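[1] this is a predicted model, with the sequence first.
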Amino acid sequence: MAPNEWLAVAMFAAFITLIFTGFPVAWVLGGLAVLFTAFAIILEVDFALTMDVDWAYTSLTVDRIWDLMTNWVLVALPMFIYMGLMLDRSGMADALMRNLVRLLGGVRGGLALTVTLIGLLLAASTGIIGASVVLLALLGLPVMLRAGYNPAFASGTVCAVGTLGILLPPSIMLVLMADRLAISVGDLFLGALFPGLLLGGLYIAFILLFAFFKPSAAPAPADPEPISLGLIGAVALAVVPPAGLILAVLGSIFFGLATPTEAAGVGAAGATLLALLNRRLSGRVLGEVLEQTSRTTAFIFAIFLGATAFSLVLRGLGGDELMARALLGLPFEPVGIVLCILLLTFILGFFLDWIEITLIVLPLVAPVVVALGFDLVWFTVLFAVCLQTSFLTPPVGFAIFYLKGVAPAGIDVATIYRGVIPFIGLQILGGALIFYWPEIVTWLPARAYAPPA
C-alpha cells in the first residue's frame with residue numbers, strides 16, 4: 001500500500017478505538033480529520049511523501065457543510081423526530097394497549113402479540129427506537145410479568161419489536177441513508193415497507209410457536225373477556241387515529257402527493273392534533289417535545305458535521321479506493337463480496353452505533369456494490385436490516401440499555417440478552433430471505449413508478 005493508504009487505515013483504526021473512550025462521536029470524527037490532516041502535511045513536508053491532503057484540501061469541508069445544512073431532504077429529520085416524540089405523549093399507545101389486551105389477552109401468547117402489534121404501529125408512526133422501547137416496556141412488560149410470562153421472553157419481545165422503527169418508514173435512518181447515497185427517500189421508504197412487515201410477521205410467528213410449544217412461558221388467562229361487538233368497536237377506535245396518521249404520511253409519499261419533507265410536516269401536525277384530541281397537549285408538553293426534538297436533531301447534525309470532515313480526509317488519503325480494491329480483490333463471486341460486506345456490517349454493529357456506520361461505512365461500500373451490478377435500493381435496505389441487529393447485540397445494544405433503564409426489578413441485562421437471541425436469529429433469517437428474493441424490496445418501488453398500462 002502507498003503511504004497515504006497506510007495513513008487512511010490508521011485513521012479508521014483510530015476512529016474505532018476512540019469510540020470506546022466515551023468521548024462525543026462528533027468531536028472524535030472532526031478531531032481525527034484535523035489530526036490526520038496535520039499528520040499528512042508533516043509526512044509530505046518532512047519525509048517528501050505524496051499525501052494529497054493539506055489544509056487547503058481540508059477547507060473543502062466548509063463547502064460540504066454548507067451543502068449539508070441547505071439540504072431540503074434533511075428538513076424532514078426534525079419533523080419526523082417531533083412526530084415520534086409527540087405521539088409518545090399523545091396517549092395513543094395507552095389506549096391501544098388497553099383495548100388490544102382485552103381482545104387478544106385470551107390467546108396463549110396474546111400479550112406478546114399485543115406488544116408486537118402496538119410496536120408495528122409505533123414503528124410506522126414514530127421511527128424513534130428509544131421512545132418505542134421505553135414506551136413498550138412501561139406499557140407491556142409489567143402486564144406480561146404479572147400474567148406469568150417468562151421474563152427473558154417478555155423482555156426480548158419488547159426489545160426486538162421496539163427496533164422495528166429503525167426500518168419501517170418513516171425511518172430517520174432511511175432518510176440519512178438516502179441523503180448519503182443521493183437516492184430517493186421515497187424509493188427507500190417503499191423498498192423497506194415489505195421487509196419491515198416481513199420481520200414483524202416473523203416475530204408474530206415465533207411468538208405463537210413459542211407459546212404453543214412452551215405454554216408455561218406465555219400462559220393464557222383463566223377467565224378471558226369474551227369478544228363482543230363493543231370490544232371490537234373499542235379496538236377499532238383505538239387503531240383508527242394512528243392508522244390514519246400513518247396513511248396520511250406514507251400514503252402521501254407513496255402516491256406522489258407529497259415529498260417526504262412535506263409528508264413529515266403532515267405527520268408533525270397530525271401528531272400534535274392527536275395529542276390535542278386526547279387532551280394530552282399542554283404548554284409544558286409542547287415545550288418538552290420541542291426541547292427533546294432540538295437536542296436529538298442537534299446530536300444527529302453534530303455527527304453529520306464531524307462525519308463530513310472525517311469522510312473528506314479519509315477519501316483524500318485514498319481510503320475509498322483502498323476499500324474498493326480490498327473488496328473487489330476478495331476471492332469470491334459478486335454475491336460472496338456482498339455477503340462479506342453484510343457480515344462486516346453485522347460485526348461492526350456490535351461496537352458502533354448505526355449513525356456512525358451509516359455516515360462512514362455505507363458511503364465507502366455502496367460504490368463497490370453498484371460496480372458489481374446490484375440494485376442500490378435493495379442493498380441499502382439489506383444494510384438497514386443488518387444495522388437493526390446493532391440495537392440488540394452486545395456490548396453496545398442500545399435497545400437493551402433503554403429497556404434496562406425502565407425494566408421492573410428482577411430484569412437484569414443477562415435476562416434481556418437471553419431474550420433477544422431468538423429475535424437476532426429472526427432478523428438474520430429475514431435478511432437472508434431479502435437477499436435471496438430481492439423482489440421483496442424492489443417490487444413495490446417498481447410498481448409505484450411504473451407507467452400506467
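    Sure, I can see it. Numbering: from 1, shown residues only.

[2] how close does residue 419 get to residue 190?
    Distance of residue 419 to residue 190, computed by C-beta to C-beta, to the nearest Å: 32 Å. Every C-beta, even on glycine, is put in place using the N, C-alpha and C of the backbone.

[3] my bad, should have said residue 286
    Relative to residue 190, and taking C-beta to C-beta, residue 286 is found at 33 Å.

[4] can you identify the element that follows the helix or strand residue 28 falls within toward the C-terminus?
    Secondary structure assignment for residue 28, by DSSP states H and E: helix 25-47. Going down the chain from helix 25-47, the next helix or strand is helix 55-58, by DSSP H and E.

[5] now the helix or strand following that next one - C-alpha only, CSV.
    Counting by DSSP H and E, the next helix or strand C-terminal to helix 55-58 is helix 60-69. Extracted as CSV, the C-alpha positions of helix 60-69 are listed here (Å, rounded to 0.1, in the frame of the first residue of the first chain):
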residue,chain,number,x,y,z
LEU,A,60,-13.5,21.9,1.3
THR,A,61,-15.3,20.8,4.5
VAL,A,62,-16.8,24.2,4.7
ASP,A,63,-18.5,23.9,1.3
ARG,A,64,-19.7,20.4,2.1
ILE,A,65,-21.2,21.5,5.4
TRP,A,66,-23.0,24.4,3.6
ASP,A,67,-24.5,21.9,1.2
LEU,A,68,-25.4,19.7,4.1
MET,A,69,-27.2,22.4,6.1
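
[6] buried sites along helix 60-69?
    Buried residues in helix 60-69, defined by neighbour count with 16 or more other C-beta atoms under 10 Å: 61, 65, 68.

[7] so how far is it from its chain's centroid?
    Distance of helix 60-69 from the chain centroid (C-alpha atoms, centre = their mean, to the nearest Å) equals 25 Å.

[8] show me what it is packed up against.
    helix 283-316 (3 or more C-beta pairs under 8 Å, 6 or more residues apart in numbering; DSSP states H and E).

[9] tell me the buried residues in the helix or strand that the helix it packs on is followed by?
    As assigned by DSSP H and E, the chain's next helix or strand after helix 283-316 is helix 319-328. Using 16+ other C-beta under 10 Å as the test for burial, helix 319-328 gives 319, 320, 321, 322, 323, 327.

[10] which elements pack onto helix 319-328?
    helix 3-19, helix 334-348, helix 362-371.

[11] contacts for it, please.
    In this structure, residues lying in contact with helix 319-328 by C-beta atoms under 8 Å, 6 or more residues apart in numbering are 1, 5, 8-9, 11-12, 314, 337, 340-341, 363-365, 367-368, 371-372.

[12] now stretch 5-12
    Against stretch 5-12 from outside (C-beta under 8 Å, 6+ apart): 1, 32, 36, 39-40, 43, 51, 310, 313-314, 317-319, 321-322.

[13] quick check: mean pLDDT across that stretch?
    Stretch 5-12 shows a mean pLDDT of 88.

[14] cool, and stretch 101-109?
    79.

[15] okay, how far is it across it, tip to tip?
    End-to-end distance for stretch 101-109, by C-alpha to C-alpha, to the nearest Å: 11 Å.
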